[in-house]
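Colleague: What follows is a predicted structure for the sequence shown.
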Amino acid sequence: METLLLRPFLSVTTESFPNSFTYLIAGTTLIIAVLLLELISTRIYLVDFTCYLPPGRLRVPKAHFIEHVEMSNINGREGIDFQVKVWERSGIGSETSMPDPLHEIPPRESLDDTRNEIEMVFFTVVEDLLSKHKIDPKSIDILVSNCSIFCSTPSISSMIINKFGFRSDIKSVNLSGMGCSAGILSICLAKDLLKVHKNSLALVLSMEAVTPNGYAGKEKSMLLPNVLFRMGGAAILLSNRKQDKGMSKYKLQHLVRTHLGSDDEAYESVFHKADEDGCEGVSLSRALLSVATKALKTNISALGPLVLPYSEQFRFAWSVIRKKLRFLPRQNGVYVPNFKKAIEHYCIHAGGRAVIDGIEKSLKLQKENAEASRMTLHRFGNTSSSSIWYELCYLEAKGRVKKGNKVWQIAFGSGFKCNSAVWKCVSDVDPTKRNAWSDSINLYPIIDDEIPT
């Protein structure tokens with residue numbers, strides 16, 4: 001009788017046991033696979049970076065700039081007045097710098113002058129970065145440099161190899177024409193190379209040559225870069241070596257690139273061309289801000305799922321669905337996710353005051369979230385692809401970046417491109433370590449009333 005009573009239970013147990021065992025084996029295998037993938041996946045560490053600090057003699061105070069453009073008289077009275085007006089509203093201060101040739105009247109823009117600017121910036125930051133960590137130049141395995149307008153022969157990367165004596169088997173790449181977003185693009189290329197070449201060090205160099213960028217014509221859309229762009233550059237040391245984990249500042253978590261080049265308006269929003277009189281320069285169209293906003297929205301739609309908590313993703317998805325359902329009460333637009341729940345610090349490309357204001361509004365950030373960008377624009381101007389590194393440098397000098405914090409770098413560039421990089425701080429960053437902000441960090445932030453509007 002007991003056997004008869006237990007038989008149904010025993011049959012269920014013995015029949016279900018193979019399935020349970022299968023699930024257990026499958027689950028265990030999946031967990032082991034995930035752990036192994038995590039173990040063997042290549043992690044990209046940012047060991048350190050250095051931003052160029054121009055010598056004081058290269059400063060361009062507002063009075064100096066106005067006097068220079070008036071005495072040069074190459075843009076006409078209307079062009080001069082326009083540039084002065086743009087400066088007054090730009091958010092740029094009087095501590096920004098330009099290379100020696102642009103202090104001359106008339107300014108010089110020769111090939112040798114441009115090479116001298118490249119050498120002044122890159123040689124300085126590379127020497128500072130390598131000497132700080134006592135790194136032998138021959139230990140560098142990968143070199144990526146970017147400069148948008150100036151493309152020389154030999155290349156900029158070759159200039160660096162020649163100066164510092166890098167190995168003959170170094171993997172070197174020089175990028176041009178990529179605009180202000182080239183800094184993150186260079187990081188992306190270095191990351192891909194580090195995934196292929198194990199146990200390697202990568203040196204990334206970002207700058208824009210200001211010397212050949214001067215516009216001598218009268219078109220207002222092409223005069224804007226004369227006012228906004230300034231001298232600067234950065235050197236970044238990346239590694240995938242296990243022994244460098246302990247000495248690294250950050251770990252790369254996510255990198256997302258967006259390109260709207262298939263759209264004519266976006267493609268033409270930042271364009272290097274000649275005007276009717278044959279004067280070359282970079283034109284910034286009126287559609288630039290709307291194009292940048294569109295590119296940002298496309299970019300964060302891909303980045304959001306990677307960084308946002310599920311609660312924010314759900315609210316965003318529900319707002320999109322609700323907008324399409326006619327029987328529900330109408331809402332004002334689509335919910336903008338609160339990125340502050342996932343990211344502590346923001347480095348928005350210091351392309352200009354309007355750009356920073358626009359991104360701040362689009363992401364619904366607070367004033368303090370865009371502080372590093374505004375102060376970088378004020379102190380160093382638009383240094384193109386290196387501006388996001390001056391901003392991170394500012395945050396470090398202020399002692400705001402703590403271990404475990406995440407930093408979001410957002411860059412925009414011709415094409416039109418929007419690139420994002422998210423870093424996680426993996427060490428205690430010492431704010432007293434000397435950097436490009438050390439001589440003036442106590443003067444910042446400057447309150448809005450002190451910044452021209």
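Modeller: Cool, got the structure.

Colleague: C-terminal to the one helix or strand in the chain whose mean pLDDT sits lowest, what's the next element?
Modeller: Sorting the helices and strands of the chain by mean pLDDT, DSSP states H and E puts helix 2-40 at the bottom, at a mean of 52. Heading C-terminal from helix 2-40, the first helix or strand you meet, by DSSP states H and E, is strand 45-51.

Colleague: Tell me the strands beside that next one, with direction?
Modeller: Paired strands of strand 45-51, with direction, are strand 233-239 (antiparallel), strand 250-259 (antiparallel) (DSSP bridges).

Colleague: Only alpha carbons, please: show that strand as PDB.
Modeller: Output of strand 45-51 as PDB, limited to C-alpha atoms (Å, rounded to 0.1, in the frame of the first residue of the first chain):
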ATOM      1  CA  TYR A  45      42.600  51.700 -19.000                       C
ATOM      2  CA  LEU A  46      43.400  55.400 -19.100                       C
ATOM      3  CA  VAL A  47      46.700  55.500 -17.300                       C
ATOM      4  CA  ASP A  48      47.000  59.300 -17.400                       C
ATOM      5  CA  PHE A  49      46.700  62.300 -19.700                       C
ATOM      6  CA  THR A  50      48.300  65.700 -20.100                       C
ATOM      7  CA  CYS A  51      46.900  69.000 -21.500                       C
END
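
Colleague: So what touches it?
Modeller: 125, 128-129, 132-133, 201, 232-240, 244-245, 247-252, 386, 389-390, 392-393, 423, 426, 435-436 (C-beta atoms under 8 Å, 6 or more residues apart in numbering). All C-beta atoms are positioned from the backbone trio N, CA, C, and that covers glycine.

Colleague: just the buried members of these?
Modeller: Buried by 16 or more other C-beta atoms under 10 Å: 125, 128-129, 201, 232-240, 244, 248-252, 386, 389-390, 392-393, 423, 426, 435-436, out of the contacts of strand 45-51.

Colleague: Can you show me the helices along the stretch 251-400 of the chain?
Modeller: Listed in chain order, the helices of the stretch 251-400 of the chain (DSSP state H, counting those that start in this stretch) span 264-267, 288-307, 310-324, 353-362, 371-380, 387-397.

Colleague: Output those helices in CSV, with mean pLDDT and distance to residue 414 appended to each entry.
Modeller: Below are the helices of the stretch 251-400 of the chain laid out as CSV (pLDDT from 0 to 100; distance: least, C-beta to C-beta, whole Å):
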stretch, mean pLDDT, distance to residue 414
helix 264-267, 96, 9
helix 288-307, 92, 10
helix 310-324, 78, 30
helix 353-362, 91, 14
helix 371-380, 97, 19
helix 387-397, 98, 15
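
Colleague: With distance to residue 60 as extra columns, can I get those in CSV?
Modeller: Below are the helices of the stretch 251-400 of the chain laid out as CSV (distance: least, C-beta to C-beta, whole Å):
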stretch, distance to residue 60
helix 264-267, 31
helix 288-307, 24
helix 310-324, 43
helix 353-362, 17
helix 371-380, 11
helix 387-397, 16
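
Colleague: closest one to residue 406 among those helices?
Modeller: Smallest distance to residue 406 across the helices of the stretch 251-400 of the chain (C-beta to C-beta): 7.5 Å, for helix 288-307.

Colleague: Find me whatever residue is spatially closest to residue 298, sequence neighbours aside.
Modeller: Distance criterion C-beta to C-beta, 6 or more residues apart in numbering; nearest residue to residue 298, sequence neighbours excluded, is residue 258 at 4.9 Å.

Colleague: let me redo that: residue 124
Modeller: Distance criterion C-beta to C-beta, 6+ apart; nearest residue to residue 124, sequence neighbours excluded, is residue 52 at 5.9 Å.

Colleague: mind listing what the one you found touches?
Modeller: Counting by C-beta under 8 Å, 6+ apart, the residues that residue 52 touches are 121, 124, 125, 207, 231, 232, 233, 234, 386, 436.

Colleague: re the thing from before, save the strands paired with strand 45-51 as JSON lines, and put in mean pLDDT and distance to residue 82 too.
Modeller: Output for the strands paired with strand 45-51, formatted as JSON lines (pLDDT from 0 to 100; distance: least, C-beta to C-beta, whole Å):
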{"stretch": "strand 233-239", "mean pLDDT": "98", "distance to residue 82": "28"}
{"stretch": "strand 250-259", "mean pLDDT": "97", "distance to residue 82": "31"}
